[in-house]
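> Take a look and give me a structure for this.
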Amino acid sequence: PKNKEEIAVVQRIIGRIYDQFITKVAKSRKLDKAKVSEIAQGRVWSGAEAKKIGLVDELGGLENAIDAAAKLAKLEAGWKVQEYPKVKTFEERLLRSLFGTKLQAFFPAQEPPQDLFSDQLEQLKQDFHSLKALNDPRGIYMRMPENLRIR
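Sure thing, here's the model as predicted:
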């Protein structure tokens with residue numbers, strides 16, 4: 001458990017962050033800081049209520065916000081949204097979870113092939129067949145952490 005002094009330090013930090021938040025809202029919404037503090041008080045407002053009290057200009061989703069930003073930036077027709085970081089495919093996420101950061105070692109000095117999943121699945125099948133072929137009667141084996149493939 002935290003002692004009184006530790007709790008006081010945490011409370012001061014929270015108070016400072018909250019004051020920064022209130023200040024930024026007041027400045028960006030062109031409202032008096034006391035007014036923002038009065039309507040805030042840690043509450044969550046519905047979109048309709050937030051619009052009534054001046055906390056938002058419009059109601060809408062992400063697409064509406066992106067369109068509004070594009071208009072404000074005066075972008076020409078044909079602009080596209082790019083997401084960062086790049087969203088990984090299921091196969092990329094699966095292989096990353098199986099092989100970690102060593103994934104690029106399978107494909108040195110080149111981009112990984114588009115169909116990573118099929119290639120890796122085939123290699124896993126070969127590895128399982130090799131394991132099934134082991135026949136020590138006591139079931140004692142030792143393997144290297146890497147598979148050596150000569151091509």
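> and the helix or strand where Ile39 lies, how far out from the chain's middle?
According to DSSP states H and E, Ile39 maps onto helix 33-40. With CA atoms, centre = their mean, to the nearest Å as the basis, helix 33-40 stands 32 Å off its chain's centre.
> Check what contacts that helix and list those residues.
The contact list for helix 33-40 (CB atoms under 8 Å, 6 or more residues apart in numbering) reads 22-23, 25-26, 29, 53, 55. In short, each C-beta sits where N, CA and C put it, glycine included.
> Out of these, which comes closest to Ala65?
Nearest to Ala65 among the contacts of helix 33-40, counting by CB to CB, is Leu55 at 14.9 Å.
> who touches the closest one in this structure?
25, 29, 39, 45.
> could you measure the residue nearest the centre of the chain against Glu92, distance?
In the chain, the C-alpha nearest the mean C-alpha coordinate belongs to Pro85, at 7.9 Å (CA atoms, centre = their mean). Relative to Glu92, Pro85 is positioned 12 Å away (CB to CB, to the nearest Å).
> For these two, list the residues in contact with both.
Joint contacts of Pro85 and Glu92 (CB under 8 Å, 6+ apart) do not exist.
> which is the next helix or strand following the helix holding Ile39?
helix 47-52.
> List the buried residues in the helix or strand following that next one.
Downstream of helix 47-52, the next assigned helix or strand under DSSP H and E is helix 62-72. Within helix 62-72, no residue is scored as buried using 16 or more other CB atoms under 10 Å.
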